[in-house]
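Asks: sequence and predicted model, in that order:
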Amino acid sequence: MMNVFDAVKAELNTKQVVESYGIAVRHNGMCCCPFHGDKNPSMKVDEKRFHCFGCGEDGDVIQFAARYFDLSRYDAAKKLAEDFGVAYEKWKPERDEKGKMVQPKPRPKSPEQIYREKEHHFYREISDHYHRLKDWKEQYKPKTVDEAWDERFIEALKYIPQLEYIMDSFLEADRDGRTQLFQAFSKTEQFCEQRNAEARKESSVLARLHNADINQQSTGKTIPKARKTDAIAI
């Protein structure tokens, strides 16, 4: 008889478990992720795994239950076994000749894990910049006919349709289709990655200046102004 981890993973279908816990899954395996404020389905579920392209949550059926019910992996596995009637053998830790528990060696990343990380990175970088562009489109749109167009507004008009196409295609594609998207839009991914890095750096600078201003107001001390090199050009 298998231990609880192997027994649960061998017996249970991740998609069916997700549905059994009240989450509606579409015919293509997409559903709204329960781990963040997901309005449009961004989690993919199949027989063995789940993966959210929005927040990055990923794993097998045990990891889903652990995250969903806020349990350890062991307690999650036992809950699944109890909920779905899976029989298993109680786990006994491996010990050395002196009777001390042997710590398992960390496993190298499997090709599947590497692929999943690539999926997440690709979608997350494009999605993050897409949502930033949506904000820019509203924030920097001309208020009058004669007003000059802000560069951020122009960038939003240029890239929003393309990024929407990439994200929609990605969510509907199978593994081979996504691999083709990685190759076809690698430069777009790199561009979004660069813009996201710039935005994070700018946010860090602004937060530092804000905290310095609060500190100045509370202590009455003069805080040196940020150097020009701290400013980020968008």
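Replies: Received it, and whenever you're ready, just let me know what you need.
Asks: show me the residue at the heart of this structure, geometrically.
Replies: residue 56 (2.2 Å; CA atoms, centre = their mean).
Asks: please name the nearest non-neighbouring residue to residue 17.
Replies: Leaving out its chain neighbours, the residue that sits closest to residue 17 by CB to CB, 6 or more residues apart in numbering is residue 61, at 5.3 Å. Yep, even glycine has a C-beta here, placed from its N, CA and C like the rest.
Asks: so which elements touch the lowest-mean-pLDDT helix or strand in the chain?
Replies: Within the chain, no helix or strand scores below helix 186-219, which has a mean of 84 by mean pLDDT, DSSP states H and E. If contacts are counted by 3 or more CB pairs under 8 Å, 6 or more residues apart in numbering; DSSP states H and E, helix 186-219 sits against helix 111-139, helix 151-172.
Asks: including distance to residue 33, could those helices go into JSON lines?
Replies: JSON lines is the format used below for these (distance: least, CB to CB, whole Å):
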{"stretch": "helix 111-139", "distance to residue 33": "12"}
{"stretch": "helix 151-172", "distance to residue 33": "12"}
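Asks: mean pLDDT for these: which is lowest?
Replies: With a mean of 89, helix 111-139 has the lowest mean pLDDT of the helices and strands packed on helix 186-219.
Asks: C-alpha coordinates for stretch 23-40, CSV please?
Replies: Output in CSV follows, covering the C-alpha atoms of stretch 23-40 (Å, rounded to 0.1, in the frame of the first residue of the first chain):
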residue,chain,number,x,y,z
ILE,A,23,-15.1,25.9,-8.3
ALA,A,24,-16.6,26.0,-11.8
VAL,A,25,-14.2,24.8,-14.4
ARG,A,26,-14.8,25.5,-18.1
HIS,A,27,-14.5,22.8,-20.8
ASN,A,28,-11.0,24.1,-21.7
GLY,A,29,-9.8,23.7,-18.1
MET,A,30,-9.9,27.4,-17.2
CYS,A,31,-11.4,28.7,-14.0
CYS,A,32,-11.3,31.8,-11.8
CYS,A,33,-8.4,31.4,-9.4
PRO,A,34,-9.5,31.3,-5.7
PHE,A,35,-6.2,32.6,-4.5
HIS,A,36,-6.4,36.2,-5.7
GLY,A,37,-9.2,38.6,-6.9
ASP,A,38,-9.6,36.9,-10.3
LYS,A,39,-12.5,38.3,-12.3
ASN,A,40,-11.5,36.6,-15.6
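Asks: contact partners of it?
Replies: The contact list for stretch 23-40 (CB atoms under 8 Å, 6 or more residues apart in numbering) reads 15, 18-19, 41-46, 52, 54-55, 57, 67-68, 171-172.
Asks: let me see the mean pLDDT of stretch 12-25.
Replies: Stretch 12-25 comes out at a mean pLDDT of 92.
Asks: and the end-to-end length of that stretch?
Replies: 16 Å (CA to CA, to the nearest Å).
Asks: buried ones in it?
Replies: Counting neighbours by 16 or more other CB atoms under 10 Å, one finds that the buried residues in stretch 12-25 are 12, 14-15, 17-18, 23, 25.
Asks: fine, thanks again, bye for now.
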